[in-house]
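the following comprises the amino acid sequence and a computationally predicted model.
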Amino acid sequence: MGRVIHKQETEQEKKPGLYVISTPIGNLQDLSLRAKKILEQCELVLAEDTRMANKLFNAFNINKKKSQLISCYRFNETERIHKLNFEELSTYMVGLVSDAGTPCVSDPGSKIVEKYHQLGLPVFSVPGCCSAMAGFSISGIELKNNQTLTFGGFFPRKEKDAQKLLDKLSYGSDYVIFFETVSRLESLLEHLKKFFDEDVFIFLAKEMTKIHEATWRGYCSEILAELRINGTKKAQFSRGELVVIINLTEQKKIFELNKEFEFWLKKLKPHVKSSVLAKILSEKFGKNRQAVYLEFLKH
């Protein structure tokens, strides 16, 4: 039986600090009561797009003066930090919102959060929608205790970056989550088909909580075939962004040790901290650092 939570234990409201507030990813009814209350109380709100924030505020009758809502997006976040008066803000409730979902998760905001931490000012989470976790929750995948789930953000555009990332993931991840646009889905699937020797199983979630919401489960080759026949005219592949979850449990690579790697491993292991040694060996031999640590240094 859970303990009783008294009212004062839930009253974080009205404390000065930065409130990182999750907003709906589509359905406005997903805004939490606490998020609404804190947005009403904030003296200043930093928004990825003030127009999107105003739409949300209007829907919930949250009244803000023009001076209380300022933009903070990818290309002005650093400049914004230099212009903000943090001595004054230390007495304010400041909200941070992105266009949809949780700020700082493939969205702007991390630089502002880091600045608050550097200054020793409090940062509070107001949790809610996050499309990556929402997608995983409806995938039907069981994440077991000895398995890993990796979030990769938006899949890289450049060929070199894509290959490098897939190489890292192939040594240490059981499941990986990417964001991708519908128009670039075929390119992502082509990368997967080219890189992995065997077909990988994929779960797609598109436009969750919105009118064009759809999901798809199948192998990479199956989804590619559908795309090539029907293109983005197919209902499940039309419009919007996707959460792409890839099952890599059958694709993990095994290190092929050479004598030089074994020599340095045995030579340095007794004298160097494992995390440092993993970095040294991964850089010297072009291996994935996490994989080196898990395979040779964890135990």
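Nice, thanks for sending it over.

tell me what the longest helix along the chain is packed against?
Longest helix of the chain, by residue count under DSSP state H: helix 159-172. Applying 3 or more Cβ pairs under 8 Å, 6 or more residues apart in numbering; DSSP states H and E, we find helix 159-172 packed against strand 149-154, helix 185-195, helix 289-292. From N, CA and C alone the C-beta is placed, and that goes for glycine too.

buried set for stretch 210-226?
For stretch 210-226, the neighbour count (16 or more other Cβ atoms under 10 Å) marks Ala214, Thr215, Trp216, Cys220, Ile223, Leu224 as buried.

which ones among these lie within helices?
Among the buried residues of stretch 210-226, the ones falling in helices (DSSP H) are Cys220, Ile223, Leu224.

give the rounded mean pLDDT of the longest helix of the chain.
Averaging pLDDT along helix 159-172 yields 86.

only the buried residues of that helix, if you could.
So helix 159-172, judged by 16+ other Cβ under 10 Å, has buried residues Ala162, Leu165, Leu166, Lys168, Leu169, Ser170, Tyr171, Gly172.

got the angle for it vs strand 149-154?
Going by axes from the mean of the first three to the mean of the last three Cα atoms, to 10 degrees, helix 159-172 is angled at 170 degrees with respect to strand 149-154.

list the contacts for the residue nearest to Lys36 when sequence neighbours are not counted?
The shortest distance from Lys36 to any residue other than its chain neighbours is 5.5 Å, reached at Phe60 (Cβ to Cβ, 6 or more residues apart in numbering). With contacts defined as Cβ atoms under 8 Å, 6 or more residues apart in numbering, the neighbours of Phe60 are Leu28, Leu31, Lys36, Leu39.

quick check: end-to-end length of stretch 88-108?
This stretch, stretch 88-108, spans 23 Å end to end (Cα to Cα, to the nearest Å).

which positions in that stretch come out as buried?
Those would be 89, 92-103, 105, 107-108, for stretch 88-108 by 16+ other Cβ under 10 Å.

kindly indicate which of those residues lies nearest Lys55.
Asp99 (9.8 Å; Cβ to Cβ).
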